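*Asks:* can't give you the sequence, but here's the structure:
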């Protein structure tokens, strides 16, 4: 999805078509990355899950630049269910700690 650098007027007129053509390029290492993160070599994602995670990651990048996928209709948006699952997972990870180890560290 790279555009030539330094040429004025490089705009994507149909971002949804660009997405449809190249989303797989952006998700090719997703299974391996999540297998490592979750220490589960059997972990595999469905096409829908891969697309949703890629859209979520794209939305994060865009938000850092003051934009959103919503600014480019009819671009697909990440599923709200998937976003809720990710948020819940992050909360679980933050709350998943050993109290006795933390107490020892504190002392």
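*Replies:* Thanks, I have it. Only a predicted model underlies this, so the values are computations on that prediction, with no experimental measurement involved.

*Asks:* OK, contacts around residue 35?
*Replies:* 41, 42, 43 (Cβ atoms under 8 Å, 6 or more residues apart in numbering). For glycine as for every other residue, the C-beta is placed from the backbone atoms N, C-alpha and C.

*Asks:* so how far is the longest helix that the chain contains off the chain centroid?
*Replies:* The single longest helix within the chain, with elements called by DSSP state H, is helix 47-64. Relative to the centre of its chain, helix 47-64 is centred 4 Å away, using Cα atoms, centre = their mean, to the nearest Å.

*Asks:* try stretch 36-44
*Replies:* Relative to its parent chain, stretch 36-44 has a centroid offset of 17 Å by Cα atoms, centre = their mean.

*Asks:* now do that stretch, average pLDDT.
*Replies:* Mean pLDDT, computed over stretch 36-44, is 84.

*Asks:* got the contact list for it?
*Replies:* The contact list for stretch 36-44 (Cβ under 8 Å, 6+ apart) reads 31, 34, 35.

*Asks:* you'd agree the second one is up against residue 45?
*Replies:* Yes: applying Cβ atoms under 8 Å, one finds residue 34 in contact with residue 45, separated by 7.0 Å.

*Asks:* what kind of secondary structure is residue 77 in?
*Replies:* Recorded secondary structure, residue 77: coil (DSSP: H, G, I helix; E, B strand; the rest coil).
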